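# here you go, sequence then predicted model.
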Amino acid sequence: MNIHEYQAKAVLKKFGAPVASGIAIYSADEAEKAATELGGPLWVVKSQIHAGGRGKGRFKEPVAGDKGGVRLARSVEEVVENARQMLGSTLVTKQTGPAGKQVNRLYIEAGADIARELYLSLLVDRTVGQVAFVVSTEGGMDIEAVAEETPDKILTLPIDPQAGVTDADAGKLADTLELQEPARSEMIELAKILYEAFTSKDMSLLEINPLIVMEDGHIRVLDAKVSFDNNALFRHPDIVELRDETEEDEKEIEASKYDLAYIALDGTIGCMVNGAGLAMATMDIIKLYGAEPANFLDVGGGASKEKVTAAFKIITADPNVKGILVNIFGGIMRCDTIAEGVVAAIKDVGLEVPLVVRLEGTKVEEGKKILNESGLNVTAADDLDDAAQKIVKAVNG
Ligand code: ADP
Ligand code: MG
């Protein structure tokens, strides 16, 4: 689960991280109140969407001299004017995709006098099975370019889970960031704070880009992006409350209600598969034959008829779906349950696109019988290869 920048900053502040004062707002009136309360003389008006690259982003309905999704303002009037332009508009950034995201909330924050912009993140480094810091002196808006062009400017430092962040670790981070006092001591403290926040809240990513050194020599968290491990959310009701469903894919929200592993994608072939590995293989083979999957969907092991029905409805509700491939290898999952779910869903919502079904394994004959006797227009396939070719042909012609 992702949260907004202002929420991430509030979480980090509780652990003692240095963040500026700021107020989240939903309307231009609130913007005026917030700006007055913060007092200036410099404010920043920041679009709150679950995507990065806001500073360099551009609004879809261009306004004169579009200054992107993060704007400096030097008076209350300027804050309000920017809030008017940004609220309700659609911001397109490198991370939103061409459709962009509508800005419904803004964060009005005290402006900082920036001397240096640094990069710092924490993530789960799966190659070593540890939480790792990633830092670079080249912070700001284009860390992806730094990683590509000058990877030696990035330090990855895995943390021993038993020892936690040692003074030696923190010192190494501060040295890599070329920090002088008082920033150096503050960074050593911040490293421990961030590691504590990351591990105790079960984060999967914590990215601060930029972490800044201000003209007065102190450091500050200027941007914050935090993702949490969904499987650990039950331990953090305070974090679950921060969920903003308007930022999430509707189909994914619906799928999460049925405990389905579903990820929406951009292609045209809807997939219903059991097992994550088989789902990945199914997506691969669809691509191999020249089409693109519309989703990843693993209905899991012991899915009920209701769950299969819900899954099928989610797939058909996607207007991009021009064909559906059901690929089930019945082990714990029974082929007859899948067939019943598919038939029930089609009776409910209809079927307007070609459907290819490949069933194999437990109760396969019963499953095929249910589909054959349903009177529905289903193309049967013998194996994965055959199934993929048939659905791609049906969609691409
Ligand atoms: P994004 O990463 O989505 O573009 P950031 O929060 O990193 O958004 O903001 C982009 C840039 O805007 C920062 O690199 C910084 O230069 C500037 N900026 C952001 N917040 C402030 C602030 N409070 N004071 C001054 N400048 C800011
Ligand atoms: Mg940033």
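Ah, there it is. Ligands and ions are numbered 1, 2, ... in the order given.
# output stretch 256-266 as PDB, restricted to C-alpha atoms.
Extracted C-alpha coordinates of stretch 256-266, given in PDB (Å, rounded to 0.1, in the frame of the first residue of the first chain):
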ATOM      1  CA  SER A 256      -8.600  -7.300  -2.800                       C
ATOM      2  CA  LYS A 257     -12.100  -7.700  -1.300                       C
ATOM      3  CA  TYR A 258     -12.000 -11.300  -2.500                       C
ATOM      4  CA  ASP A 259      -8.400 -11.900  -1.600                       C
ATOM      5  CA  LEU A 260      -7.400 -12.300  -5.200                       C
ATOM      6  CA  ALA A 261      -3.900 -11.600  -6.400                       C
ATOM      7  CA  TYR A 262      -4.800  -9.200  -9.200                       C
ATOM      8  CA  ILE A 263      -2.700  -6.500 -11.000                       C
ATOM      9  CA  ALA A 264      -4.200  -4.500 -13.800                       C
ATOM     10  CA  LEU A 265      -2.000  -4.100 -16.900                       C
ATOM     11  CA  ASP A 266      -2.300  -2.300 -20.300                       C
END
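# ok, and what's touching that stretch?
249, 251-252, 255, 276, 279, 292-300, 306-307, 310-311, 314, 318, 320 (CB atoms under 8 Å, 6 or more residues apart in numbering). C-beta: built from backbone N, CA, C; applies to glycine.
# repeat for stretch 376-386
Under the contact criterion CB under 8 Å, 6+ apart, stretch 376-386 has outside partners 281-282, 285, 327, 343, 346, 351, 354-358, 360, 368, 371, 387, 390-391, 394.
# that stretch: end-to-end distance?
Chord length of stretch 376-386, first to last residue, is 20 Å (CA to CA, to the nearest Å).
# give the buried residues for that stretch.
378-379, 381, 384 (16 or more other CB atoms under 10 Å).
# of all those, which comes closest to ligand 2?
Within the buried residues of stretch 376-386, distances to ligand 2 taken as CB to the ion reach their minimum at Leu384, with 42.4 Å.
# from the buried residues of stretch 376-386, which land in helices?
Using DSSP state H, the members of the buried residues of stretch 376-386 that fall in helices are Leu384.
# Ile253: neighbour count?
Neighbour count of Ile253, defined by other CB atoms under 10 Å: 14.
# which residues touch it?
Contacts were defined as CB under 8 Å, 6+ apart; by that measure Ile253 touches Glu245.
# helix, strand or coil for it?
Of the three states, Ile253 takes helix according to DSSP: H, G, I helix; E, B strand; the rest coil.
# circling back: export the buried residues of stretch 376-386 to JSON lines and tack on distance to ligand 2?
JSON lines is the format used below for the buried residues of stretch 376-386 (distance: CB to the ion, whole Å):
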{"residue": "Val378", "distance to ligand 2": "49"}
{"residue": "Thr379", "distance to ligand 2": "48"}
{"residue": "Ala381", "distance to ligand 2": "47"}
{"residue": "Leu384", "distance to ligand 2": "42"}
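# look up phi and psi at the closest residue to Ile188 other than its chain neighbours.
Leaving out its chain neighbours, the residue that sits closest to Ile188 by CB to CB, 6 or more residues apart in numbering is Ala170, at 4.0 Å. Its backbone dihedrals place Ala170 at phi -60, psi -40, with angles given as degrees, to the nearest 10.
# ok, for the residue in the stretch 101-250 of the chain positioned nearest to ligand 1, nearest residue in space, not its chain neighbours?
Among residues of the stretch 101-250 of the chain, the one nearest ligand 1 by CB to the nearest ligand atom turns out to be Asp223. It sits 3.2 Å away. By the measure of CB to CB, 6+ apart, the closest residue to Asp223 outside its immediate chain neighbours is Asn209, 5.5 Å from it.
# okay, Val135 and ligand 2: tell me how far apart.
Using CB to the ion, to the nearest Å, one obtains 15 Å as the distance from Val135 to ligand 2.
# likewise for Ile324?
As judged by CB to the ion, Ile324 and ligand 2 stand 39 Å apart.
# that residue sits in which helix or strand?
Assigned by DSSP states H and E, Ile324 belongs to strand 323-330.
# contacts for the following helix or strand past that strand next, please.
From strand 323-330 onward toward the C-terminus, using DSSP H and E, the following helix or strand is helix 335-349. The set of residues that contact helix 335-349 without belonging to it, under CB under 8 Å, 6+ apart, is 272, 274, 299, 303-313, 316-317, 326, 328, 330, 355, 357, 359-364, 366-368, 370-371, 374, 376.
# need the buried residues of stretch 376-386 in a markdown table with pLDDT and distance to Gly217, can you?
Supplementary listing: the buried residues of stretch 376-386 in a markdown table, determined by pLDDT from 0 to 100; distance: CB to CB, whole Å:
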| residue | pLDDT | distance to Gly217 |
| --- | --- | --- |
| Val378 | 88 | 70 |
| Thr379 | 89 | 69 |
| Ala381 | 89 | 67 |
| Leu384 | 92 | 62 |
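# mind listing which of the buried residues of stretch 376-386 are in strands?
378-379 (DSSP state E).
# for the buried residues of stretch 376-386, which one is nearest ligand 1?
If you rank those by distance to ligand 1 using CB to the nearest ligand atom, Leu384 comes first, at 41.3 Å.
# can you give me the distance of the closest one to Glu360?
According to CB to CB, to the nearest Å, Leu384 and Glu360 sit 9 Å apart.
# can you give me the helices in the stretch 151-300 of the chain?
For the stretch 151-300 of the chain, helices defined by DSSP state H, counting those that start in this stretch occupy the ranges 167-176, 183-200, 237-240, 250-257, 276-288.
# and of these, who's closest to Gln7?
helix 237-240 (9.0 Å; CB to CB).
# same question for that closest one: list its buried residues.
When burial is assessed from 16+ other CB under 10 Å, helix 237-240 yields the following buried residues: Ile239.
# quick one: that helix to chain centroid distance?
Centroid separation between helix 237-240 and its chain, computed with CA atoms, centre = their mean, to the nearest Å, is 17 Å.
# for stretch 148-163, same thing?
When C-alpha coordinates are averaged (CA atoms, centre = their mean), stretch 148-163 and its chain have centres 22 Å apart.
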